[in-house]
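Undergrad: Fold the following.
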Amino acid sequence: MAIFVDVKMNFCILNKNQVTFRSFLISRGCRLTSDSAARIYCAQGVVEMHEGPNRDDAWELLTEFTDNPSLIKHALGVEAAMRAYARRFGEDEDIWGTIGLVHDFDYQQNPTEDTHLHVGTKILRERGWPEEWIGVIASHADYMGVPRDTTAAKALFAVDELSGFLTACALVRPDKAVAEVKVKSVKKKLKDKAFARGVNREDVRRGAEELGVDLDQHIAFVRDAMATISDQLELPPRNP
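TA: Numbering: from 1, shown residues only. Purely as a prediction, here's the structure:
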């Protein structure tokens, strides 16, 4: 991790291809250490650099605005998939998971394109969430006009619709086990426009393409990530 200070005392943390911008009212000549819990050493003393929101903060925010069990389970499924992809790409699992958990936190109260994410991003900014995290969250809806120019943004878009579709595929199985959902069955159901009609098929396909992963492998990857939290999704574990 490298930290750079400019003359306005704004600095950015470069960590695994992620850029985090912060501004502090501190004197020039400060030496910044690395790590997410870094401290800022100044001639006048030590100023703590606080970490970004954590999972507890994300859960509190989600449940403040959402009490629909299906929407909460969707958030958990997206979180699990984001964490899995963060590990795969060598990124920060906690940051990606936190973003996934809150990506739709405002949807229950703001379910239209005129309000969803417009309201949510405003709330996140008012509460001091990192701007780059807000950008990732906003970018998962094309109508927001925010480019998906980071791997995190591409991953969120790729797992969002697919996680909901995988849940629908699991629920029509006799055992309702997401771990047992077959890739071939998922692809067949993607062609059936009457099945889970609310899922945008093009977004599922485009998501894998933008992320640069094979669709079959993507389906299996997200399925397996969701299977690790099957209890939280109130779905049965893998069959013995």
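Undergrad: Now do the helix or strand that contains K188: which elements does it pack against?
TA: In this structure, K188 sits in helix 183-190 according to DSSP states H and E. Where contact means 3 or more C-beta pairs under 8 Å, 6 or more residues apart in numbering; DSSP states H and E, helix 183-190 is packed against helix 151-171, helix 201-211, helix 215-227. (Each C-beta comes from the backbone N, C-alpha and C, glycine too.)
Undergrad: in the second one, what counts as buried?
TA: What it means is helix 201-211. Neighbour counts using 16 or more other C-beta atoms under 10 Å place R201, D203, V204, R205, G207, A208, L211 of helix 201-211 among the buried residues.
Undergrad: where's the residue most central in space within the chain relative to D214, distance?
TA: In the chain, the residue lying closest to the centroid (C-alpha atoms, centre = their mean) is G100, at 2.4 Å. G100 sits 21 Å away from D214, going by C-beta to C-beta, to the nearest Å.
Undergrad: ok, back up a step: for the helix holding K188, what is the average pLDDT?
TA: For helix 183-190, mean pLDDT rounds to 98.
Undergrad: For F157, see how far away A58 is.
TA: Noted for A58: a distance of 19 Å to F157, by C-beta to C-beta.
Undergrad: okay, the buried residues of helix 201-211 in TSV with pLDDT next?
TA: Output for the buried residues of helix 201-211, formatted as TSV (pLDDT from 0 to 100):
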residue	pLDDT
R201	96
D203	97
V204	98
R205	98
G207	98
A208	98
L211	98
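Undergrad: Taking the residues you listed together, which two end up most distant?
TA: Farthest pair in the buried residues of helix 201-211 (C-beta to C-beta) is R201 and L211. Separation: 16.3 Å.
Undergrad: Just the closest of the buried residues of helix 201-211 to L117, please.
TA: Taking C-beta to C-beta as the measure, L117 sits nearest to D203 out of the buried residues of helix 201-211, at 14.8 Å.
Undergrad: In contact with the nearest residue to the closest one once chain neighbours are set aside, which residues?
TA: Spatial nearest neighbour of D203, excluding adjacent residues (C-beta to C-beta, 6 or more residues apart in numbering): E161 at 4.5 Å. Residues in contact with E161 (C-beta atoms under 8 Å, 6 or more residues apart in numbering) are V199, N200, D203, V204, G207.
Undergrad: which of those lies closest to E132?
TA: Taking C-beta to C-beta as the measure, G207 is the one of the contacts of E161 closest to E132, at 20.1 Å.
Undergrad: Roughly how far does the closest one sit from V213?
TA: 9 Å.
Undergrad: shared neighbours, these two?
TA: Taking C-beta under 8 Å, 6+ apart as the contact rule, G207 and V213 both touch A158.
Undergrad: what does the domain assignment say about the protein?
TA: Following automatic domain parsing, one gets these domains for the chain: 2-48, 55-227.
Undergrad: Point out the most buried one among these.
TA: When you average the neighbours per residue for each of the domains of the chain (mean count of other C-beta atoms under 10 Å), domain 55-227 leads with a mean of 18.
Undergrad: Any idea how far apart the tips of that domain sit?
TA: 20 Å (C-alpha to C-alpha, to the nearest Å).
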